[in-house]
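**Student:** would you be able to build a 3D model of this:
(one chain, ligands or ions: 2)
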Amino acid sequence: MTGYRIALIPGDGIGAEVLPPARALLDAAGRRHGVTFAYDTFDWSCRRYLAEGAMMPDDGLRQIRGHDAVLLGAVGWPGVPDHVSLWGLLIPIRRAFRQYVNLRPIKVLDGVPSPLRDATGVDLVVVRENVEGEYSEIGGRLGRGTEDELAVQEAVFTRRGVTRVVEYAYTLAESRGNHVTSATKSNGIVHTMPFWDELVAEVAERHPGVRSDKEHIDALAAKLVLAPERFDVIVGSNLFGDILSDLAAAVAGSIGVAPAANLDPSREFPSMFEPVHGSAPDIAGRGTANPVGAMWSAAMMLDHLGHPEAAADLLAAVFGVLADGVSTADLGGTADTAAFTRAALDRLGAA
Ligand code: ATP
Ligand code: MG
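**Tutor:** Residues are numbered from 1 along each chain as shown. Ligands and ions are numbered 1, 2, ... in the order given. Predicted coordinates for the structure are as follows:
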C-alpha cells in the first residue's frame, strides 16, 4: 500500500460540489491499485475572505507545504474582485511551491459536443509558463486623471524560467506525438519574445527527435480553431498560455470538462490540481455541476504521484460514461452531479 496526504481546498460555489465526486473516484481508482489517500480540508475561499478578510491564514502555505498534493475546486465569488482570489490564494501557492508548469490537456471526447463542425482527432496539451512573464507586479501608473495619464507593465522572462518550462514541454512531447509548437510574437514584442525564441531553439537542439514549430500568437489562435488536430504540445508564456488554453478548451467543448495541473516537476513542493472552470455562481447550490473537470484533474494528480495505471482507469470510467450518453446539463444531458458520479463509480467498479 502506498499512502498519500492530500490538501483539499473546495473553495467557492460549484468548486465545493465537484471535489467530493473527484475524491470518491480517486479513492475508488486508488483502491484498485493499492494506493490510499488521507485528506485534510481547508476552508480557504472568498467566503472566508468576506468573513475574515483573507482568503487563507497567514501561515497557510506552511500548513499545506508538507502534503503530497493539493486538490482545489474553484475560488471566486460576486462582490470579491478577481485579484483577491488570484493574489490572495492561487498565485502565492503557484509561486511559493514553484509550480512553474501549468498543464492543460485538451481532448475532444465522445459525448461532448464541440462548437467545431469536425473536431475529430483533437488531442493536445497546452504547457503554460506559470510563475513569471507578463503577469508581474512591476509597473505603475502616472498622472491619474490627466490628459497625459499612462500605465506601464513590465514582463519578466528569465533564462532559467523559460528554459525549464520549455524543457518540460519537449520531454512531454517525447512521450506523446513528438511535436512542439512554441507560441511567440517576436515580430511585435522585440525584447522578451526574441529571447523566448532563442531559448526554445536551445532546448529544441537537445531534443532532435521532436519536430519544432514556431507560430506567432495571432496566427496560432486562428489555427487552433481551423485545424486543432494538427497540434500535439503547445508551449507558451504565462499570458499566451492562459489565452490558448481557454481557447483550446472551448474548441473541445464545455469548460466543465477541462482539467489543469500546476506542477513543480522537481517534486520538492506539492503540485496543485484544479478544474479549469470557476465557481459558477449562476448554477451553484443546485447539485447540477459537471464534475468531469475535477475528476480529470484528480486523474492528473494520480499520474503525477506515479500511478499512471490508476489514472488511466479513472479516466476510462469517466470518458466511458460520457460516451454512453450520460452527461450533465451543460453538455445537454439530464444527469445531476450525483447521478454522473454514481455512473462513473459503477463503471470503475465494473471495469
Ligand atoms: P471565473 O471567474 O473563473 O471565470 P466563473 O464562475 O465565471 O469563473 P466559468 O468557469 O467562467 O465560471 O464558467 C462560465 C459558466 O459556464 C458558468 O457560469 C456556468 O454556467 C458554466 N460552467 C462552468 N463550469 C461548469 C461546470 N463544471 N458544470 C456546469 N456548468 C459550468
Ligand atoms: Mg467566467
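**Student:** C-alpha from now on. contacts and neighbour counts both.
**Tutor:** Will do.
**Student:** how does this protein divide into domains?
**Tutor:** Here the domain parsing of the chain from automatic domain parsing is 1-101+258-351, 114-252.
**Student:** any idea which of those is most buried?
**Tutor:** domain 1-101+258-351 (a mean of 20; mean count of other Cα atoms under 10 Å).
**Student:** re the thing from before, so which of the domains of the chain is nearest residue 107?
**Tutor:** domain 114-252 (4.4 Å; Cα to Cα).
**Student:** scan the chain for its longest helix.
**Tutor:** helix 15-32 (DSSP state H).
**Student:** phi and psi next, for residue 246.
**Tutor:** phi -70, psi -40 (degrees, to the nearest 10).
**Student:** distance check, it against residue 94.
**Tutor:** Here residue 246 is placed at a distance of 19 Å from residue 94 (Cα to Cα, to the nearest Å).
**Student:** what does residue 328 give?
**Tutor:** 31 Å.
**Student:** quick one: which helix or strand includes the most centrally placed residue in the chain?
**Tutor:** The chain has residue 260 as the residue nearest its centroid, 1.9 Å off, counting by Cα atoms, centre = their mean. Using DSSP states H and E, residue 260 sits within strand 259-263.
**Student:** show me what that strand is in contact with.
**Tutor:** 94, 98-105, 130, 270-276, 293-294, 296-297, 300-301 (Cα atoms under 8 Å, 6 or more residues apart in numbering).
**Student:** please apply the same query to stretch 40-55.
**Tutor:** 5-12, 56, 75-77, 80, 84-85, 88-89.
**Student:** swap in stretch 292-310?
**Tutor:** So stretch 292-310 is contacted by 18-19, 21-23, 25-26, 29-30, 32-33, 68-69, 71, 73, 255-261, 272-277, 311-312, 314-315, 318 (Cα under 8 Å, 6+ apart).
**Student:** where do the helices sit along this structure?
**Tutor:** Under DSSP H, the chain gives helices at 15-32, 46-52, 60-65, 82-85, 91-96, 159-174, 192-205, 217-226, 238-252, 292-304, 308-323, 337-350.
**Student:** next, format the ones you listed as a markdown table and append distance to residue 284 and mean pLDDT.
**Tutor:** Formatted as a markdown table, those follow (distance: least, Cα to Cα, whole Å; pLDDT from 0 to 100):
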| stretch | distance to residue 284 | mean pLDDT |
| --- | --- | --- |
| helix 15-32 | 8 | 96 |
| helix 46-52 | 14 | 96 |
| helix 60-65 | 26 | 97 |
| helix 82-85 | 18 | 91 |
| helix 91-96 | 24 | 93 |
| helix 159-174 | 35 | 98 |
| helix 192-205 | 41 | 98 |
| helix 217-226 | 30 | 95 |
| helix 238-252 | 21 | 91 |
| helix 292-304 | 15 | 97 |
| helix 308-323 | 22 | 97 |
| helix 337-350 | 11 | 94 |
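**Student:** need those helices in JSON lines with distance to residue 146, can you?
**Tutor:** As requested, these are exported to JSON lines (distance: least, Cα to Cα, whole Å):
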{"stretch": "helix 15-32", "distance to residue 146": "42"}
{"stretch": "helix 46-52", "distance to residue 146": "34"}
{"stretch": "helix 60-65", "distance to residue 146": "41"}
{"stretch": "helix 82-85", "distance to residue 146": "26"}
{"stretch": "helix 91-96", "distance to residue 146": "33"}
{"stretch": "helix 159-174", "distance to residue 146": "38"}
{"stretch": "helix 192-205", "distance to residue 146": "30"}
{"stretch": "helix 217-226", "distance to residue 146": "33"}
{"stretch": "helix 238-252", "distance to residue 146": "29"}
{"stretch": "helix 292-304", "distance to residue 146": "46"}
{"stretch": "helix 308-323", "distance to residue 146": "56"}
{"stretch": "helix 337-350", "distance to residue 146": "52"}
